[in-house]
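>>> What follows is a predicted protein model with its sequence.
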Amino acid sequence: MIAIIDYGCGNLGSIKNMIRKIGGEAVITSNIDEIRQAKKIILPGVGSFDTGMNNLKKSGFIDILNEKAFNEKVPFLGICLGMQLMTKGSEEGSEPGLAWFDAETIKFKFEKSSVNKIPNMGWKHVYQKKESAYLKEMYPEPRFYFVHSYYVKSNKPEDVLTTSTYGTEYVSGFEKGNLCGVQFHPEKSHKFGMKLFTNFLSI
């Protein structure tokens, strides 16, 4: 069973619907006992970094997520804000992140005259940087849907799974052991997102 963590910061229904469409079983949950029983976990997220971290704390999720991620080592996928929460912190706020990756979340910065506007929104290519079960048999140069004003900067090149470009090259996916985060929204990315979730089910 896949647990989609409900901490008040995500578009959860579309993730569950896509997983169901490809034959998977997922529950949207804020119940710690259900999370404890999960064989895989998805941490989605939209909104601000501090709100996300504070909601995880208030819900009492930090300990159980650390237990599942590091003791049980279940496959763990962070999406958009969920990926950013895996870093040490964000320029968007002052709360420390989960610090599962040696990385920071920083804001896009462009001159007023730049053609690049914030947020970065729309379909973008992702460029694979290492082998991964998540990208197995993915179509050449897969494209995913993005909506974000902040992006991840990794201090460990070996953790970088994919990069994308929006004015600058940035980390659009990272992976370390059983932990993976993606900045894009696979649940909004049609066949490419469906393939990523299919691969997630097979891990």
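Cool, got the structure.

>>> now the helices for the chain?
For the chain, the helices defined by DSSP state H occupy 12-21, 32-37, 49-58, 62-66, 81-85, 190-202.

>>> Among the ones you listed, which comes closest to N155?
Among the helices of the chain, the nearest to N155 by CB to CB is helix 81-85 (14.8 Å). Using the backbone N, CA and C atoms, a C-beta is placed for each residue, glycine as well.

>>> Buried residues, that closest one. List them.
Of the residues in helix 81-85, those buried by neighbour count under the rule 16 or more other CB atoms under 10 Å are L81, G82, M83, Q84, L85.

>>> same deal with stretch 121-134?
For stretch 121-134, a neighbour-count test (16+ other CB under 10 Å) marks K124, V126, Q128, K129, S132, Y134 as buried.

>>> and which of the buried residues of helix 81-85 is nearest to F144?
Using CB to CB, M83 is the member of the buried residues of helix 81-85 that sits closest to F144, with 12.4 Å.

>>> Nearest to the middle of this structure, which residue? Look it up for me.
In the chain, the residue lying closest to the centroid (CA atoms, centre = their mean) is I79, at 2.3 Å.

>>> Can you report how many residues lie near I106?
Residues near I106, counting by other CB atoms under 10 Å, number 17.

>>> Can you tell me the closest non-neighbouring residue to E67?
Sequence neighbours aside, R36 is the residue nearest to E67 in space, at 7.9 Å (criterion: CB to CB, 6 or more residues apart in numbering).

>>> does F146 have beta-bridge partners, and which?
In this entry, F146 is beta-bridged to G122, by DSSP bridges.

>>> My read is that it contacts Q183, right?
Yes - judged on CB atoms under 8 Å, F146 makes contact with Q183 at a distance of 6.5 Å.

>>> What residue in this protein is the furthest from its centre?
Distance to the chain centre peaks in the chain at S113, reaching 30.7 Å (criterion: CA atoms, centre = their mean).

>>> Roughly how far does it sit from Y151?
Distance, S113 to Y151, using CB to CB, to the nearest Å: 21 Å.

>>> Also E72?
Per CB to CB, E72 is found 30 Å from Y151.

>>> Which one's more surrounded, these two?
Neighbours per residue (other CB under 10 Å) separate E72 from Y151, with Y151 holding more: 22 against 13.

>>> what sits against that one?
By CB atoms under 8 Å, 6 or more residues apart in numbering, the contact list for Y151 reads T105, I106, K107, F108, N120, Y166, Y170, V171, S172, Q183.

>>> so it bridges to which residues?
Taking DSSP bridges as the rule, Y151 bridges to I106.

>>> returning to that earlier point: so for F146 and Q183, which sits in the more crowded spot?
Legend: neighbour count by other CB under 10 Å for F146 and Q183, higher for Q183 (29 against 23).

>>> Which elements pack onto the longest strand belonging to the chain?
Longest among the strand segments of the chain by residue count, using DSSP state E, is strand 169-176. Strand 169-176 makes packing contacts with strand 150-154, strand 160-165, strand 179-182 when contacts are defined by 3 or more CB pairs under 8 Å, 6 or more residues apart in numbering; DSSP states H and E.

>>> Out of those strands, flag the one nearest V27.
Smallest distance to V27 across the helices and strands packed on strand 169-176 (CB to CB): 19.9 Å, for strand 179-182.

>>> No further queries at this time; thank you.
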